[in-house]
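*Asks:* with the sequence up front, the predicted model follows.
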Amino acid sequence: MSSPVSVSVSALARSTATRAALGPLAALVLVLVMHSGAIPPYQAYSVGIAAVYTVLALSVGLLAGWGGIWSIAHPALFALGAYFAAYGSTHGWSVEAVVLGAVGCAAALGAFLGGAGARFSMLYVALLTLAFTMVSLEVMGQWTSVTGGDQGIPMEKLDSALGLGTLASAGTQAQYIAVGAAGIALAAAALARPSALRMRLVAAKSHPAAARSVGIAPEAQSALAFAVSAAFAALAGVLLALVVGFVSPDPFSLTLAISLIAACVLGGAGTLVGAVVGGAYLTWAPTAAESAGVPQPILQGVVLIGALLVLPGGVVPFLGRVLRRRSTAQDSAAAEPAEEVPEKVPEPAATAAEVLRLDEVGVTFGGLKALEGASMSVRAGETVAIIGPNGAGKTTLLNVLSGLVGGGRAAGSAVYGGRSLLKIRATARHRLGIGRTFQHAETFAELTVLENVLCTRRRNTARHRARAVELLEGVGLAHVADQLPDELSFGLHKRLDLARALAGEPELLVLDEPFGGLDARERTLLAHQIVRQQKRGTAVVIIDHVLDDLFAVAHRVVAFDFGRPIGEGEPGRILDDPRVRSSYLGEGGTRGELPHRDGTEHVAVRLEEVDHHYGGVTALRGIDLTVPQGSVLGIVGANGAGKSTLGRILHGSLSPTRGRRTAAAELRTALVPEGRALFKTLSLRENLEVAAYATGIKGAELRARLEQTAQWLPPRLRERMGVAAGGLSGGEQQILAVARALMAGPDLLIVDEPALGLSPAMVDEVYGRLGGLARDGMTVVLLEQSLARAAAAGHEVVVLHEGGVAVRGEASDPLFLARAEHAYFDGQDDASVAPAPM
């Protein structure tokens with residue numbers, strides 16, 4: 001019995017052929033109506049012009065909708081086709097030579113513009129295409145021997161070199177040809193819609209890094225998209241010359257570029273019917289403006305503004321969404337495979353070949369060493385887990401394997417399948433058998449679930465579609481194959497990311513936090529998928545902060561800290577290594593002097609039964625927490641435990657999904673976010689002033705607060721108040737971030753990862769200054785990965801594990817700290833745990 005996905009895939013070809021036939025069929029009907037005389041001659045001329053503009057709007061709209069490129073170059077490419085036809089008609093060129101010459105020249109120019117523009121942002125692409133149009137139109141105006149300058153040149157007849165007859169310009173024949181060509185262009189676009197070409201264009205536009213990981217080069221896709229679009233624009237120019245019978249510079253001004261963008265936005269970029277709407281708008285907008293008694297630019301501006309505000313996706317996509325909501329009522333519950341995860345992970349064969357070997361691999365970003373001395377090997381069928389605290393270099397290592405280091409410089413030796421991996425482009429690594437998933441499941445939002453898998457191939461054959469269906473059935477996504485990723489839960493997103501990585505049948509599978517954000521059932525299913533790949537001989541490199549699930553599928557574990565490997569061993573023993581344990585829990589330190597507490601403190605903030613979700617991801621669950629005034633509270637947990645979300649809720653900048661937050665009257669709070677989030681191009685003084693402006697402080701109060709906060713800064717920063725914040729060291733930036741928070745005059749200060757990326761000396765200085773604030777009476781909440789640092793700095797410690805409070809107690813109690821260490825890793829409060837020897 002065929003699966004629903006198989007049926008839908010087999011029906012795709014029929015529906016595509018049907019949609020493709022609609023364009024030529026509608027064109028044939030329209031030509032017959034025109035030929036019957038039902039449409040007056042002056043209106044028939046307008047219909048011919050509308051057909052020309054439909055082809056032109058199609059070229060711009062598909063480039064924007066599929067390739068993500070808004071071009072201002074198309075008036076010049078449009079003019080190129082028109083002048084090519086007019087000049088060729090007066091010099092005895094055949095119709096085939098004119099069309100091929102115009103299309104070929106425009107495609108070459110388009111490929112250049114697309115390839116060059118792919119290296120820049122959208123703003124620079126717009127400027128590049130604008131400059132191209134301005135230069136091209138100026139050349140056409142000055143090259144009078146070819147273009148006739150401002151006077152223009154006539155369009156004469158064109159004979160066919162294949163003996164197909166003669167094409168006369170400025171007559172009913174030309175109008176019929178324009179309508180027929182528009183129908184054929186729409187049919188070609190309809191046939192391209194389910195093709196790998198369109199899928200890869202959309203993928204490159206949606207997420208360039210994820211596209212590279214599946215073998216798609218965004219630069220090549222941009223060049224190809226622009227070349228095809230330019231060819232259609234030149235074809236429209238040839239049709240314009242035929243219909244009008246005369247070519248002059250007037251129709252090709254920059255006003256046309258603005259009108260084209262307005263037409264595509266109005267109709268809907270990337271839609272076929274939207275191109276027809278855009279073509280009609282371009283044709284009849286001047287008449288509508290004249291009838292309304294307003295200048296055409298004003299009408300265009302009103303239409304563009306209205307479309308952006310009311311129908312940002314365009315008329316056609318809006319109607320499509322309405323119909324989709326009415327007709328779609330699918331159940332998004334996953335159809336789980338019946339198999340269960342084996343109790344024991346299969347061991348790789350003793351003779352299994354070595355798939356990957358790293359020797360002294362390092363990555364630097366300017367003066368920052370993100371990875372250093374990384375050495376490891378992976379055999380076929382073996383799973384190696386990479387662990388370490390936030391900032392340890394885990395993701396950088398995965399980026400080295402998948403070629404997504406970005407602006408970093410990689411050094412050392414990485415050998416995969418006997419080849420030097422560091423010399424191979426990211427897009428080529430997919431073809432060599434390396435698959436990659438991402439921490440946040442970076443799927444292609446404008447492609448369906450099935451298309452997300454199919455886009456990994458250059459061509460979509462029946463075998464590839466069958467393989468994609470098999471993958472979706474294997475991960476429980478067959479029932480949502482035709483849905484968009486935005487309609488799925490986070491867990492299904494993760495499965496789709498895995499299915500896409502498996503589409504290339506990789507020999508090396510690189511998984512970036514695949515268990516994060518999943519519930520127990522989803523983690524079990526994912527573990528099953530990993531075990532199945534192990535049985536097939538796939539080598540797996542995986543990082544995650546959910547250690548229980550990670551160790552359940554791993555054969556070997558390599559621990560990293562500060563960019564360097566610090567330990568290696570079996571999953572059940574790696575955490576016994578003192579260096580590995582210390583990387584998570586931190587080094588024990590001397591408790592600093594803290595303000596005395598007698599138990600009579602008032603509550604600064606209280607959380608009751610707080611849950612928080614991001615889409616389908618549970619970040620916090622059942623949080624009951626009080627923060628006494630004047631206390632220092634350490635909230636610790638591994639990366640992904642929910643610390644940052646809890647900090648934002650305590651701050652009041654994030655409302656919980658469920659539960660209640662209450663705060664003391666007139667409590668002023670300030671949050672120092674993870675990573676500091678400074679305005680690095682602004683000076684130290686400007687960073688402080690911006691914080692004051694945000695809280696409504698100005699005038700004399702601002703000057704007084706600025707002076708007070710500056711005195712809190714160390715002398716080396718007070719003397720550099722005019723220096724850009726980006727020029728400071730990491731520790732100095734952290735101190736400045738705290739000072740910026742102090743500009744609000746907070747009663748409660750929340751600091752997220754204050755020691756992240758800092759040297760031990762700078763950690764001591766930052767914590768010393770935070771301790772000084774506590775002694776001055778400020779309530780401080782520290783969000784930390786290091787249990788030891790939080791215990792040395794605070795009155796109390798709360799351990800979070802997978803979004804819930806695992807244990808809470810006095811930081812000075814050795815017995816509690818032993819329990820907290822146990823709960824840090826497995827989430828269980830084991831009161832029988834004895835304190836570690838002093």
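*Replies:* Yep, it's here.
*Asks:* please make it C-alpha for all contacts and neighbour counts, starting now.
*Replies:* Will do.
*Asks:* what's the neighbour count on the closest residue in space to Leu787 that isn't next to it in sequence?
*Replies:* The shortest distance from Leu787 to any non-neighbouring residue, by Cα to Cα, 6 or more residues apart in numbering, is to Leu585 (4.7 Å). Neighbour count for Leu585, taken as other Cα atoms under 10 Å: 24.
*Asks:* for Phe120, same thing?
*Replies:* Phe120, neighbours per other Cα under 10 Å, totals 12.
*Asks:* what about it, which SS state?
*Replies:* In three-state terms, and counting by DSSP: H, G, I helix; E, B strand; the rest coil, Phe120 is coil.
*Asks:* so what does it look like in phi/psi?
*Replies:* Dihedral angles of Phe120 (phi, psi; degrees, to the nearest 10) stand at phi -120, psi 180.
*Asks:* then Gly366?
*Replies:* Dihedral pair for Gly366: phi 70, psi -120, per degrees, to the nearest 10.
*Asks:* now do Lys369
*Replies:* Torsion angles, degrees, to the nearest 10, at Lys369: phi -90, psi 100.
*Asks:* what distance do you get for it to Ala392?
*Replies:* 11 Å (Cα to Cα, to the nearest Å).
*Asks:* now do the shared contacts for those two.
*Replies:* Common contacts of Lys369 and Ala392 (Cα atoms under 8 Å, 6 or more residues apart in numbering): Gly563.
*Asks:* which of these two has more neighbours?
*Replies:* Under the criterion of other Cα under 10 Å, the comparison of Lys369 against Ala392 puts Ala392 first, with 23 against 16.
*Asks:* helix, strand or coil: sort out the more buried one for me.
*Replies:* Judged by three-state DSSP, the three-state class of Ala392 is coil.
*Asks:* for it, what are its contacts?
*Replies:* So Ala392 contacts 370, 560-564 (Cα under 8 Å, 6+ apart).
*Asks:* give me that answer again for 7 Å
*Replies:* 560-563 (Cα atoms under 7 Å, 6 or more residues apart in numbering).
*Asks:* rewinding a little: wait, the residue nearest to Leu787 touches Ala790, no?
*Replies:* No: with contact defined as Cα atoms under 7 Å, Leu585 does not count as touching Ala790 (9.4 Å).
*Asks:* count the neighbours of Ala664 for me.
*Replies:* By other Cα under 10 Å, the residues close to Ala664 number 12.
*Asks:* correction: Gly418
*Replies:* Quick note: Gly418 (other Cα under 10 Å) scores 11 neighbours.
*Asks:* how much space separates it from Val355?
*Replies:* Gly418 is 8 Å from Val355, by Cα to Cα.
*Asks:* ok, Leu158 next?
*Replies:* 62 Å.
*Asks:* which segments of this protein make up each domain?
*Replies:* 19-252, 354-585, 603-826 (automatic domain parsing).
*Asks:* CSV for those domains, including distance to Pro295 and mean pLDDT?
*Replies:* Below are those laid out as CSV (distance: least, Cα to Cα, whole Å; pLDDT from 0 to 100):
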stretch, distance to Pro295, mean pLDDT
domain 19-252, 16, 92
domain 354-585, 37, 90
domain 603-826, 43, 90
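*Asks:* between those domains, which one is closest to Gly306.
*Replies:* Gly306 lies closest, by Cα to Cα, to one member of the domains of the chain: domain 19-252, at 18.3 Å.
*Asks:* buried residues in stretch 679-690, which are they?
*Replies:* 679, 682-690 (16 or more other Cα atoms under 10 Å).
*Asks:* so which of these are in helices?
*Replies:* 684-690 (DSSP state H).
*Asks:* so can I have TSV of these showing distance to Ser206?
*Replies:* Formatted as TSV, those follow (distance: Cα to Cα, whole Å):
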residue	distance to Ser206
Leu684	36
Arg685	38
Glu686	36
Asn687	34
Leu688	37
Glu689	37
Val690	34
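*Asks:* can I assume Val276 is in contact with Tyr53?
*Replies:* No: the pair Val276 / Tyr53 is not scored as a contact, 8.3 Å apart, by Cα under 7 Å.
*Asks:* comparing those two, which residue is more hemmed in?
*Replies:* Between Val276 and Tyr53, counting by other Cα under 10 Å, Tyr53 is the more crowded of the two (30 against 24).
*Asks:* that one and Ala426, how far apart?
*Replies:* If you go by Cα to Cα, the gap between Tyr53 and Ala426 works out to 40 Å.
*Asks:* Leu158 and Val355: which is more packed in?
*Replies:* Comparing Leu158 with Val355 by other Cα under 10 Å, the one with more neighbours is Leu158, at 25 against 20.
*Asks:* what sits against the more buried one?
*Replies:* Listed by Cα under 7 Å, 6+ apart, the contact set of Leu158 reads 89, 94-95, 166-168.
*Asks:* switch to 10 Å and redo it
*Replies:* Residues counted as contacts of Leu158 (Cα atoms under 10 Å, 6 or more residues apart in numbering) are 85-86, 88-98, 165-169, 242.
*Asks:* buried members of those residues into PyMOL, please.
*Replies:* This is how PyMOL selects the buried members of the contacts of Leu158, with burial counted by 16+ other Cα under 10 Å:
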select buried, resi 85+86+88+89+93+94+95+97+98+167+168+169+242
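*Asks:* circling back to that earlier point, common neighbours of Val276 and Tyr53, please.
*Replies:* With Cα under 10 Å, 6+ apart as the test, Val276 and Tyr53 both reach 182, 263, 282.
*Asks:* quick one, phi psi at the most centrally placed residue in the chain?
*Replies:* Taking Cα atoms, centre = their mean, the centroid of the chain lies closest to His207, which sits 4.6 Å from it. For His207, the backbone dihedrals are phi -150, psi 90 (criterion: degrees, to the nearest 10).
*Asks:* what's near enough to touch the nearest residue to it once chain neighbours are set aside?
*Replies:* Here the nearest residue to His207 in space, its sequence neighbours aside, is Phe444; by Cα to Cα, 6+ apart that works out to 6.6 Å. By Cα under 10 Å, 6+ apart, the contact set of Phe444 is 199-200, 202-208, 210-211, 451-453, 455, 484-486, 497.
*Asks:* contacts only, for Asn639.
*Replies:* Listed by Cα under 10 Å, 6+ apart, the contact partners of Asn639 are 388-391, 516, 544-546, 584, 784-785, 801-802.
*Asks:* neighbouring contacts of whichever helix or strand Phe132 is part of?
*Replies:* Using DSSP states H and E, Phe132 falls within helix 122-142. Residues from elsewhere that reach helix 122-142 (Cα under 10 Å, 6+ apart): 68-77, 79-80, 83, 109-110, 113-114, 116-120, 143, 146-152, 248-249, 252-254, 257.
*Asks:* please pick the buried ones from those residues.
*Replies:* Among the contacts of helix 122-142, the ones that count as buried by 16+ other Cα under 10 Å are 68-77, 79-80, 83, 109-110, 113-114, 117-118, 146-149, 152, 248-249, 252, 254, 257.
*Asks:* narrow those to those in helices?
*Replies:* 74-77, 79-80, 83, 109-110, 113-114, 117, 146-147, 254, 257.
*Asks:* got the buried residues for the helix holding Phe132?
*Replies:* Within helix 122-142, the residues scored as buried using 16+ other Cα under 10 Å are 125-126, 128-130, 132-134, 136-137, 140-141.
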